[in-house]
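# pasting the structure only:
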């Protein structure tokens, strides 16, 4: 079967894996590399399958040298044929090997590394650090969202050494658990991590990270890891950097909280990078996603207004009204968030948020 995606044209056979639903993510990845990577950069696609990502990086993102690694023999043959069909043999090299085998034999260090495996990326991150250098752009996908989002808590403990949370915070928490996992492994190689873009969509999580090589950067990343807890009654949340636990009892309602983590408590984004991606993007849906993130107040976790309204025994309330009230007279910082349709990010505590929800409801009622 012939498939056209971006500037690439590839052959897909029954024995090779190609997911058309992930085209959006590949489009975002191309946009990201065009915004951040220097023209002529070297790239490693270490779970290449048909080769679609590496081929598109060569054709659309100004990659000067691309290495495509695929362990499956049949897929490797298809991938190699696709490289030839797209006439990029002068800048692309195909390798039939496992990630571990390649990482332990290759001498090259890459400007960009893409890891998009089936399921968890956890078994491969350590070996990929051997192929990184200062400034390497590391793109990591996880599709084991049931594990990271709490449906399989034991698996999350076993794979990521972290306890997930299974409520409205789960998608953001899953990103932060994965970032903490990568940060801890990177630190073993004297790398700190700088998240440039973090996404949780459909069935996947995608991280775009810049690695910074220095012992100081590694320590600073580790210092950005901590713990969190969530109140199942009033939906307050708490977090604390460093070793130890976040609040075990809710300061607002007195209920016992549910702990989760360890997880990354630093920034999820680089707004300058997202702004540059937005300038380059020609896809309206992607531009809409980037615009929401660009406007988002970058702080750990968010309040679901639906959950808070339910706790207060009120009907639904307008997110824009609550945000306006929080921003009024400098009470707090607040914004919408990519993690919930009727949710807000803010530095206000749960008490102030609840007061603003009540006030917004009263204002809405007075206009009827």
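That came through fine. Since we're looking at a predicted model, the values are computed, not measured.
# so how far is stretch 91-107 off the chain centroid?
How far stretch 91-107 lies from its chain's middle: 25 Å, per C-alpha atoms, centre = their mean, to the nearest Å.
# in it, what counts as buried?
Within stretch 91-107, the residues that count as buried by 16 or more other C-beta atoms under 10 Å are 91, 92, 94, 95, 96, 97, 99, 102, 103, 106. Yep, even glycine has a C-beta here, placed from its N, CA and C like the rest.
# just send those back as a markdown table, with pLDDT too.
Converted to a markdown table, the buried residues of stretch 91-107 look like this (pLDDT from 0 to 100):
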| residue | pLDDT |
| --- | --- |
| 91 | 96 |
| 92 | 97 |
| 94 | 98 |
| 95 | 98 |
| 96 | 98 |
| 97 | 97 |
| 99 | 97 |
| 102 | 98 |
| 103 | 97 |
| 106 | 96 |
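# list the ones among those that fall in strands.
Those of the buried residues of stretch 91-107 mapping onto strands are 92, 94, 95, per DSSP state E.
# contact partners for the first one?
So that's residue 92. Each residue near residue 92 by C-beta atoms under 8 Å, 6 or more residues apart in numbering is listed here: 54, 55, 58, 65, 66, 67, 68, 83.
# show me what it bridges to in the sheet.
Beta-bridge partners of residue 92, counted by DSSP bridges, are residue 66.
# beta partners of the residue nearest to residue 207 when sequence neighbours are not counted?
Computed as C-beta to C-beta, 6 or more residues apart in numbering, the closest residue to residue 207 that is not its neighbour in sequence is residue 140, at 4.6 Å. Going by DSSP bridges, residue 140 is paired in beta bridges with residue 115, residue 207.
# can you pull out the helices in the protein?
Using DSSP state H, the helices found in the chain span residues 23-36, 52-60, 73-85, 99-105, 125-128, 145-148, 153-160, 170-187, 215-223, 271-280, 284-295, 305-311, 319-327, 350-366.
# from these, which stretch is densest packed?
Across those, averaging neighbours per residue (mean count of other C-beta atoms under 10 Å) puts helix 52-60 on top, at a mean of 26.
# that helix relative to helix 23-36, how many degrees between them?
Interaxial angle, helix 52-60 versus helix 23-36 (axes from the mean of the first three to the mean of the last three C-alpha atoms, to 10 degrees): 40 degrees.
# residues in contact with helix 52-60?
By C-beta under 8 Å, 6+ apart, helix 52-60 touches 3, 5-8, 10, 18, 26, 29-30, 33-34, 43, 45, 48, 63, 66-68, 82-83, 86, 88, 91-92, 112, 114, 116.
# any idea how far that helix is from the middle of the chain?
So, by C-alpha atoms, centre = their mean, the centroid of helix 52-60 is 21 Å from its chain's centroid.
# now swap in stretch 225-240 and tell me
With C-alpha atoms, centre = their mean, you get 20 Å for stretch 225-240.
# surely residue 343 and residue 304 touch.
Yes - Residue 343 lies in contact with residue 304 (C-beta atoms under 8 Å); the separation is 4.9 Å.
# what touches both of the two?
residue 168.
# how about the contacts made by residue 218?
186, 187, 190, 191, 192.
# kindly report the same for residue 271.
Under the criterion of C-beta under 8 Å, 6+ apart, the neighbours of residue 271 are 294, 298.
# what's the answer for the one 4 residues further on, then?
Shown here is residue 275, whose contacts under the criterion C-beta under 8 Å, 6+ apart are residue 294.
# one more time with 10 Å
Each residue near residue 275 by C-beta atoms under 10 Å, 6 or more residues apart in numbering is listed here: 35, 290, 291, 294.
# if I look at the first one, how far off is residue 272?
Just to be clear, that refers to residue 35. Distance, residue 35 to residue 272, using C-beta to C-beta, to the nearest Å: 9 Å.
# cool, residue 228 as well?
27 Å.
# now residue 21
30 Å.
# next one: phi and psi at residue 72?
phi -70, psi 130 (degrees, to the nearest 10).
# isn't it right up against residue 96?
Yes - applying C-beta atoms under 10 Å, one finds residue 72 in contact with residue 96, separated by 8.3 Å.
# what is in contact with these two at once?
residue 79.
# stretch 228-244: end-to-end distance?
Counting by C-alpha to C-alpha, to the nearest Å, you get 10 Å between the two ends of stretch 228-244.
# and for stretch 341-354?
Termini of stretch 341-354 sit 18 Å apart (C-alpha to C-alpha).
# centre of the chain to that stretch, how far?
22 Å.
# now swap in stretch 261-270 and tell me
Relative to the chain's own centre, stretch 261-270 is displaced by 10 Å; criterion: C-alpha atoms, centre = their mean.
# quick check: mean pLDDT across it?
Looking at stretch 261-270 alone, the average pLDDT works out to 97.
# check stretch 53-66 too.
Stretch 53-66 carries an average pLDDT of 97.
# how long is it from one end to the other?
First residue to last in stretch 53-66 (C-alpha to C-alpha) measures 10 Å.
# can you pull the contacts of the closest residue to residue 153 other than its chain neighbours?
Excluding the flanking residues, the one nearest residue 153 by C-beta to C-beta, 6+ apart is residue 164, at 5.8 Å. Residues counted as contacts of residue 164 (C-beta under 10 Å, 6+ apart) are 145-153, 155-157, 170, 173-174, 177, 260-261, 263.
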